[in-house]
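**Q** test case, fold it:
(chains A, B and C)
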Amino acid sequence: MFEARLTEGAILKKVLDSVKDLVTDANFEADPTEGFKLQAMDSSHVSLVSLKLHADGFAHYRCDRPLTMGMNLANMAKMLKCASNEDAITMKADDAGDVVAFMFESPGQEKISDFELKLMDIDSEHLGIPDTEYAVTIRMPSAEFKRICSDLATIGDTVAISVSKEGVKFSTTGDIGDANVTLRQNSEDDKEKMISIELGEPVNLTFALRYLNSFTKATPLSDQVVIRLSPQLPIVVQYVVVDVGYISYYLAPKIEDDDAM
Amino acid sequence: MFEARLTEGAILKKVLDSVKDLVTDANFEADPTEGFKLQAMDSSHVSLVSLKLHADGFAHYRCDRPLTMGMNLANMAKMLKCASNEDAITMKADDAGDVVAFMFESPGQEKISDFELKLMDIDSEHLGIPDTEYAVTIRMPSAEFKRICSDLATIGDTVAISVSKEGVKFSTTGDIGDANVTLRQNSEDDKEKMISIELGEPVNLTFALRYLNSFTKATPLSDQVVIRLSPQLPIVVQYVVVDVGYISYYLAPKIEDDDAM
Amino acid sequence: MFEARLTEGAILKKVLDSVKDLVTDANFEADPTEGFKLQAMDSSHVSLVSLKLHADGFAHYRCDRPLTMGMNLANMAKMLKCASNEDAITMKADDAGDVVAFMFESPGQEKISDFELKLMDIDSEHLGIPDTEYAVTIRMPSAEFKRICSDLATIGDTVAISVSKEGVKFSTTGDIGDANVTLRQNSEDDKEKMISIELGEPVNLTFALRYLNSFTKATPLSDQVVIRLSPQLPIVVQYVVVDVGYISYYLAPKIEDDDAM
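**A** Numbering: from 1, shown residues only, chains lettered A, B, ... in the order given. All right, here's what the predicted structure looks like:
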């Protein structure tokens, strides 16, 4: 049996909002030691999302044996929307059951909601993500990254991200003109403003803005986003929820644009 | 002649917002002693709404003889939308006139608006609502009732309300799964949190969520909603505006679902 | 070459929002002494908008010779939307160039955005606006004017504005009834409340509400709107940005309605 209680249920609501537009149906995995995980390609098989809530990130976590639970994420999100932001959320499933239960408890325990979602069988290959050293690691306010991706998408379809000692430059071109946004490192302690760049070698890679914009649905999860880049490798866009887990998105660069530069 | 002035004009605006989606055209009745009233079936003749603003709930009230004023509620709401929330609203009509006038006065009297709405002839039978003792009376925060109705409507079409000594349970079933929300009595003094249950006998009745959701349009009128239930009788959902009046909605239970339980 | 820097870039964003729904493509004129200007008819050639940002309203202003820059206002607005409200905005163009550049600088200079918009050739006749003495000048809160225009548009298509010593009356008639809104002069110092009327002779003129409602898109630019009226002349609706410039709209009165009164 699987049972996991998250006191700050709002985190699970936000996690769902971060993946439900990218992925339709997916297998969540509950593991006795590792925690609660999801790995899935988006429906067009271009990007990959990997999320993990650590076992010890839960107030209570019990998982007798590894369990795979196939869920329709839109339906799961519908149910989680019925939890208030202050509610604690408990997930429960039997080892051979065909439902997963969500229980929402209000802080004063006056309101208890029990929702049962039907599980589904979903084919999925497991996708190994190789552990890589990245040439560049950028940490920046997640709201700023979201703003840049959505701004540039009003001008063009792709963004070239070039990183040098001076800073990060996001560039796009469209029918109406060009746009370049440059961010410089700073030494802010304030997490909502801090911009830091670890630079092994300069990189210049181009990505589809549509997917990056989808990734920024995770912005409410964390004040900071971590972006990792290496030549020819997929970008990693990661949102860390301190002491609880993370959600990471992967997207391969556009090769043709890369050549043209 | 009829003339009635409500210092807190926002109440009349909210009252209109509470009925205009349910009822298209309706006869308002002005009565020399009783006040300003409306009783109407919704357009599909399934639910009933009854609203009353007491004569002495107005700052000024004059009604020489009973007057029936047929209005299109969408048009009336359009005009009331033009009043600011701080405005006083005065309604005026001649005994044999074909218009009703609404006057909106800003608190400083710098802005005076006069609107005249054309009256219409509307056939209507008067619907007697028998005075009944109800088995159960629930008082709860109106915002909570609204939240539950709208949450459950994302899962199913009907809600079973079952009341026992322990509390009230709202249940629904849909294609994607089941949902149960249980509220327990508390001893809060705070009207925005108080939940109280007067229980003569346990009841379990099923209602169409679509109509209950319509009723919750009255939520801005009152922090609390009063729900009355008896076996086989329509549910009463009532919003009381202290010292001014009330709006009550009636909806018959679903018999087939009732049998199935 | 032309280069102009506005420390409070939000003003340029609001200016664009004030004209982009009225005018599709237009020639901006940069003048060495006068500043940055636009004059254009709306797309149906019924109303006229004239905006001017004074040369000395900019933190920095350089314009070597008069320059005409044809822009698609929707595209220009798209780019300006990418500036944050706190950003400084600099516009730059070469004398014989085919682009205009917008640079947005965040207050801390960590984020620098460069946008280049393609210029276009636009035929335009210059429209002389005769300098006139107006019979009536009304100053009122811009939010109140916006509210009245949008309220009356829910009832009728045109508004009759009649001004006398007592105040200003806005009237409309529609299928569902009539509406009159009367404002009285006051002696408020508070700019958000002040209503003043300078009256040479009483006027009574009728205008299409659709255009007046378009003009009120400029409301965020100024707490006060100045309205000028004379018999048979177009109404002037003006929003002044103190020390920076203004935007004025002109709309001819409806002659037939005028006769009918």
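**Q** show me what contacts residue A:3?
**A** By Cβ atoms under 8 Å, 6 or more residues apart in numbering or on different chains, residue A:3 lies in contact with A:60-63, A:90-92. The C-beta positions use only the backbone N, C-alpha and C, and glycine is treated the same way.
**Q** how near is it to residue A:55?
**A** From residue A:3 across to residue A:55, the span is 12 Å (Cβ to Cβ, to the nearest Å).
**Q** need the residues touching each of those two.
**A** A:61, A:63.
**Q** residue contacts, residue A:229?
**A** Residues in contact with residue A:229 (Cβ under 8 Å, 6+ apart) are A:134-136, A:138, A:161, A:163, A:203, A:205, A:235-236.
**Q** one more time with 7 Å
**A** A:134-136, A:161, A:163, A:203, A:205, A:235 (Cβ atoms under 7 Å, 6 or more residues apart in numbering or on different chains).
**Q** does the top helix by length along chain A reach chain C?
**A** Counting residues, the longest helix found in chain A (DSSP state H) is helix A:142-153. Yes: Helix A:142-153 is in contact with chain C by Cβ under 7 Å from any Cβ of the partner chain, via residue A:151.
**Q** for the closest residue to residue A:157 other than its chain neighbours, phi and psi?
**A** Among residues not flanking residue A:157 along the chain, residue A:209 sits closest, at 6.0 Å (Cβ to Cβ, 6 or more residues apart in numbering or on different chains). For residue A:209, the backbone dihedrals are phi -60, psi -30 (criterion: degrees, to the nearest 10).
**Q** distance check, residue A:209 against chain B.
**A** Distance of residue A:209 to chain B, given as Cβ to the nearest Cβ, to the nearest Å: 31 Å.
**Q** thought that residue was touching residue A:159?
**A** Yes: Residue A:209 is within contact range of residue A:159, at 5.3 Å (criterion: Cβ atoms under 7 Å).
**Q** common neighbours of those two, please.
**A** The contact sets of residue A:209 and residue A:159 overlap at residue A:152 (Cβ under 7 Å, 6+ apart).
**Q** those two: which is more packed in?
**A** residue A:159 (26 against 22; other Cβ atoms under 10 Å in any protein chain shown).
**Q** any idea which helix or strand carries residue A:115?
**A** Remark: residue A:115 resides in strand A:111-118, with elements defined by DSSP states H and E.
**Q** so what are the domain limits for chain A?
**A** What automatic domain parsing lists as the domains of chain A is A:2-118, A:136-260.
**Q** give the rounded mean pLDDT of the last one.
**A** Model confidence over domain A:136-260 averages 93 on the pLDDT scale.
**Q** same thing with stretch A:74-86?
**A** Stretch A:74-86 comes out with an average pLDDT of 97.
**Q** and it, how far from the chain's centre?
**A** Using Cα atoms, centre = their mean, to the nearest Å, the mean C-alpha position of stretch A:74-86 is found 18 Å from that of the whole chain.
**Q** that stretch near chain B at all?
**A** Yes: for stretch A:74-86 and chain B, the contact criterion (Cβ under 7 Å from any Cβ) is met by A:75, A:78, A:81-82.
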